[in-house]
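Novice: 3D, please:
(chains A and B)
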Amino acid sequence: MAGQKIQAPKGVSEYMPPRSDVFEFVREALIDPARRAGYSLMELPVFEDTELFTRGVGASTDVVSKEMYTFTDRGDRSITLRPEGTAGVMRAVIEHGLDRGALPIKVWYSGAFFRAERPQAGRYRQFYQVGIEAIGLDDPAIDAEVIAIADAGFRAIGLTKFRLDLTSLGDSQSRAAHRVDLLKFIATLDLDEATAARASINPLRLFDDKREEMKNAMAKAPLLMDYLSDASRAHFEQVKKYLNVLGISYVLNPRMVRGLDYYTGTTFEFVHELLGAQSGIGGGGRYDGLMQELGGQELSGIGFGLGIDRAVLAAEAEGVISNELFVSDLLIIPLGELAKERALVIAAGLRADNKTVEIAFGDRALKGAMKAADKSGARYVVVLGDSEIASGHVELKEMNTGATASVRIDSLINEL
RNA sequence: GUGGGCGUAGCUCAGCUGGUAGAGCACCCGGUUGUGGUCCGGGAUGUCGCGGGUUCGAGCCCCGUCGCUCACCCCA
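Specialist: Next up is the predicted model:
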């Protein structure tokens, strides 16, 4: 049947004007602090060998076990749309031998990620992230700097109603020691089937249960934070010290749980107050065993992934983005064929000088063109007709105030 | 995968106990000479998600189906 409308696949996030301007602004705001800290772009494929994720992220994680878009390509290879960014960066670093060059490797990336979940507010099947990774440095100062870069990005957007949750997952011996006691403790609880199943996959998950009775039950559970080895503890103390120096406040959250298996040591999450159920706007941490797990050298690393979609929602919830940011400097209304030609040339010149200039094409009546100019939000409007062309002067009208000034066409640039 | 809510003009929604569709916003044109935002006048717009059933008659009732949405799980 002809004319059937085709809809976007379920749960994808799309941005139409004018909201797409907000999206772009947010993305750039999140990337900028990384660039300023010496991080370089790494542009990676959105699909990878499935094994990269089962091995890197962890086969027992929800992300890998039930949320991946996996398919077989024409060469019978198992391919997966990337559900997160770190594993791909590691793969590329190893594949291209970057780990044999100067350390640390500092890169950022931005793009679409995919998880086959039931969509809800702030959770999409295709979503966007900005991430950075700093690989090959154990210095706790880099941990603090990575966190500071994320914080600076959120602040640049104008967000203030968020907090930073911080913890340390320790090294493998810290976790092994804790796990023994935690499992003993959990064995004393009377759990329903689903909860027991979760506990068997990852006992730390129970710390994240939202039910009151579970929160109460877990209140006395042994905390990983109390099992940190001396080295892990010392590292974490330094991270906290540097954050204090930076004036970045955080909330110690020893019950924080992350869904990806590779995290070790310093781990953090940015949580926004106004977002509802999906309130995490970004998170990250150390992953000191990941590189080796993926066949590379034994290099440590730390990074984060920030949710662009959620940052947009947060910005909207806080009402911090002014649409003044996205309006044109000037709109030219040409009257007549000759004026249209001149308008094209004038606009091209001003654009080359970094101004944003629109032309009201379409030979509309002046009144209609002015209405359109008003709606566009352009800061200034100029009507270009025969008399202006003859005199070389235009009336430059400031739309906010209605004030006009006579300006020579070739010095318009100085007035915008 | 589980549960709740909802699907009526581009958008937000109204539509009483079934009688065959409306508002606001937005949009377009006009209010006579080349300057917007207010005001006034006019105008276009809907397979009432889809399919079936009940009925003389269904947007309103029943069944199915698809979709959207929120929450759980999990996470950006």
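Novice: ok, which stretches of the stretch 101-250 of chain A are helices?
Specialist: Under the criterion DSSP state H, counting those that start in this stretch, the stretch 101-250 of chain A carries helices at the ranges A:140-157, A:172-187, A:193-201, A:212-218, A:230-246.
Novice: Can you list the helices and strands that the longest one packs against?
Specialist: To tie it back to what came earlier, the one meant is helix A:140-157. helix A:19-36, strand A:126-135, strand A:162-168, helix A:230-246, strand A:264-272, strand A:280-286, strand A:301-307, helix A:308-318 (3 or more CB pairs under 8 Å, 6 or more residues apart in numbering; DSSP states H and E). No exception for glycine: its C-beta is placed from N, CA and C like everyone else's.
Novice: any idea of the angle the second one forms with helix A:308-318?
Specialist: Per axes from the mean of the first three to the mean of the last three CA atoms, to 10 degrees, the angle that strand A:126-135 makes with helix A:308-318 is 110 degrees.
Novice: Looking at the helices and strands packed on helix A:140-157, spot the one closest to A:A405.
Specialist: helix A:19-36 (28.8 Å; CB to CB).
Novice: can you put the helices and strands packed on helix A:140-157 in JSON lines and add mean pLDDT and distance to RNA strand B?
Specialist: Formatted as JSON lines, the helices and strands packed on helix A:140-157 follow (pLDDT from 0 to 100; distance: least, CB to the nearest atom of the strand, whole Å):
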{"stretch": "helix A:19-36", "mean pLDDT": "95", "distance to RNA strand B": "11"}
{"stretch": "strand A:126-135", "mean pLDDT": "96", "distance to RNA strand B": "3"}
{"stretch": "strand A:162-168", "mean pLDDT": "96", "distance to RNA strand B": "11"}
{"stretch": "helix A:230-246", "mean pLDDT": "97", "distance to RNA strand B": "19"}
{"stretch": "strand A:264-272", "mean pLDDT": "95", "distance to RNA strand B": "7"}
{"stretch": "strand A:280-286", "mean pLDDT": "95", "distance to RNA strand B": "3"}
{"stretch": "strand A:301-307", "mean pLDDT": "97", "distance to RNA strand B": "2"}
{"stretch": "helix A:308-318", "mean pLDDT": "93", "distance to RNA strand B": "4"}
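Novice: now the ones you listed in JSON lines, with mean neighbour count?
Specialist: Below are the helices and strands packed on helix A:140-157 laid out as JSON lines (neighbours: other CB atoms under 10 Å):
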{"stretch": "helix A:19-36", "mean neighbour count": "19"}
{"stretch": "strand A:126-135", "mean neighbour count": "25"}
{"stretch": "strand A:162-168", "mean neighbour count": "21"}
{"stretch": "helix A:230-246", "mean neighbour count": "16"}
{"stretch": "strand A:264-272", "mean neighbour count": "24"}
{"stretch": "strand A:280-286", "mean neighbour count": "25"}
{"stretch": "strand A:301-307", "mean neighbour count": "26"}
{"stretch": "helix A:308-318", "mean neighbour count": "22"}
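Novice: What parts of the stretch 51-200 of chain A come near RNA strand B?
Specialist: A:61-63, A:67, A:84, A:115, A:117-124, A:127, A:129, A:198 (CB under 7 Å from any atom of the strand).
Novice: and the residue in chain A that RNA strand B sits nearest to, how many neighbours?
Specialist: Among all residues of chain A, A:G259 sits closest to RNA strand B, at 1.1 Å; criterion: CB to the nearest atom of the strand. A count of nearby residues for A:G259, using other CB atoms under 10 Å, gives 17.
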